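[1] here you go, sequence then predicted model.
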Amino acid sequence: MIRLYDIRYLRIGTRDLDAAIAFATRIVGLQLVAREGKTAYFRSDKVGARGDTRDHTLVYFEGDPADHTSAFDILDGDDFDRIGAELENAGHPVHYGTREECEQRRVKQFLAFRDPTGNKHEVVVRPYHSGPRYFPSRDAGITHFSHIGLRTSDAPRDEAFWTRLLNARVSDWIGDAPLLRVNTIHHTLALFPSPYPGVQHINHQVEDFDDIMRSYYFLREQGVKIVFGPGRHPSSSACFLYFEGHDKMVYEYSVGVKHIQPGEEASYRPRQFPFAPESFCMWGSKPDIPEFRS
Ligand SMILES: [Fe+2]
């Protein structure tokens, strides 16, 4: 059984690296840890969800803004070859990272593949951890990078891909959109129907609800477009705030996400929520995010 450990990093293209760096540091509150040529690396882990402090959790590189890759690490590095074989057997061609590509990603090994929608993913082995602690340029209260929304052209098909091949579990559905967990966190991936592929939103957890409200006022003052919230998800119980970032990427801060502990796995039953605004926010906030609206 393949067991993913957690999401590790995102790699996102941009035509304007300076503007992406400015937004990520001054607005989102990430730490720029390196700029190497046409690539910028950002750190976000004060205390990672699993106690990890990842070397970096986001990369912007000069390239196509529609070029998105998400990476996951695995519980057992010995599973690496088996994952590649199982993906190939299921009809998903695998690329094994070269030494130079591994160095760029700061991992020992990785393999790359696409999901049925065409989204790019990587499975990494022995990714680098950070010695120095996270020291952001803006105190947004971020504790760690936690999950992504991912676009899908066929949610039930992609749900089957993640659950059957990569051992993700459905925590809840909102309409056809599955909220998928790979560890105890309610969701690490959420698949939202969309006419095109790519990452749909990027979530960072913050320390407490005060951080959500501090950012709400800060972002408004900075002229950043708030697209949803402050609110609370009835599915994961998390309080949230979504805003539009560089290249119109949606970023989210949230706090209080539910965990499904190992002892609950056998008895946990995913819940079906209707595809309606109140399934995204139990307080009545209305999303200005196309994938959250019918
Ligand atoms: Fe989210």
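    Arrived safely. Quick caveat: nothing in here was measured; it's all calculated off a predicted structure. Numbering: from 1, shown residues only.
[2] from here on, just use CA atoms for contacts and neighbour counts.
    Fine.
[3] so A22: helix, strand or coil?
    With DSSP: H, G, I helix; E, B strand; the rest coil as the basis, A22 sits in helix.
[4] okay, it: pLDDT?
    Note for A22: predicted pLDDT of 98.
[5] and it, how far from G245?
    11 Å (Cα to Cα, to the nearest Å).
[6] higher neighbour count, the two?
    Higher neighbour count among A22 and G245: G245, with 20 against 15, using other Cα atoms under 10 Å.
[7] what stretches of this structure score poorly on pLDDT?
    Residues of the chain meeting the criterion pLDDT under 70: 1, 48-49.
[8] domains for it, by residue range?
    With domains defined by automatic domain parsing, the chain comprises 4-125, 142-292.
[9] wait, R151 sits on H201?
    No. Checked against Cα atoms under 8 Å, the pair R151 and H201 is beyond contact range at 9.2 Å.
[10] and these two? Which one has more around it.
    It is R151, of R151 and H201, that has more neighbours when counted by other Cα under 10 Å, with 25 against 21.
[11] tell me which element that one falls in.
    strand 142-152 (DSSP states H and E).
[12] what strands line up against that strand, and which way round?
    When pairing is defined by DSSP bridges, strand 142-152 lines up against strand 189-193 (parallel), strand 199-206 (antiparallel).
[13] C-terminal to that strand, what's the next element?
    helix 155-160.
[14] how about I7, secondary structure?
    At I7 the chain is in strand, as set by three-state DSSP.
[15] in this structure A24 contacts V33, no?
    No. Contact between A24 and V33 fails when scored by Cα under 8 Å: they sit 11.7 Å apart.
[16] between those two, which has more neighbouring residues?
    The neighbour comparison of A24 against V33 (other Cα under 10 Å) goes to A24, with 22 against 16.
[17] report the buried residues of the biggest helix by length in the chain.
    Longest helix in the chain, counting residues (DSSP state H): helix 209-221. Residues F209, D211, I212, S215, Y216, L219 are the ones in helix 209-221 that count as buried (16 or more other Cα atoms under 10 Å).
[18] distance of E159 from G284?
    28 Å.
[19] neighbour count for those two, which is higher?
    Legend: neighbour count by other Cα under 10 Å for E159 and G284, higher for E159 (23 against 14).
[20] you'd agree the more buried one is up against P178?
    Yes. E159 lies in contact with P178 (Cα under 8 Å); the separation is 6.8 Å.
[21] which neighbours do those two share?
    L191 (Cα atoms under 8 Å, 6 or more residues apart in numbering).
[22] so which of the domains of the chain is nearest P136?
    Closest to P136 of these, according to Cα to Cα: domain 4-125, at 4.4 Å.
[23] how far does that closest one sit from its chain's centre?
    10 Å (Cα atoms, centre = their mean, to the nearest Å).
[24] rewinding a little: can you tell me what sits against the longest helix of the chain?
    Contacts of helix 209-221 (Cα under 8 Å, 6+ apart): 27, 140-141, 206, 225-226, 230, 239-241, 253-255.
[25] which helix or strand lies directly C-terminal to that helix?
    Past helix 209-221, the next helix or strand by DSSP H and E is strand 226-232.
[26] what angle do that next one and helix 209-221 make?
    Interaxial angle of strand 226-232 relative to helix 209-221 (axes from the mean of the first three to the mean of the last three Cα atoms, to 10 degrees): 160 degrees.
[27] after strand 226-232 comes which helix or strand?
    Going down the chain from strand 226-232, the next helix or strand is strand 239-244, by DSSP H and E.
[28] relative to that following strand, what are the paired strands and their orientations?
    strand 226-232 (antiparallel), strand 250-255 (antiparallel).
[29] next up, the contacts around D79.
    When contacts are counted by Cα under 8 Å, 6+ apart, D79 touches I2.
[30] just say helix, strand or coil for it.
    Per three-state DSSP, D79 ends up helix.
[31] quick check: the gap between the residue nearest to the spatial centre of the chain and Y268.
    Residue closest to the average C-alpha location in the chain (Cα atoms, centre = their mean): I148, at 2.6 Å. I148 is 22 Å from Y268, where distance means Cα to Cα.
[32] likewise D18?
    Taking Cα to Cα, one finds D18 at 45 Å from Y268.
[33] now S137
    For S137, the distance to Y268 (Cα to Cα) stands at 40 Å.
[34] identify each buried residue in stretch 193-202, please.
    Per 16+ other Cα under 10 Å, stretch 193-202 contains these buried residues: P193, S194, P197, G198, V199, Q200, H201, I202.
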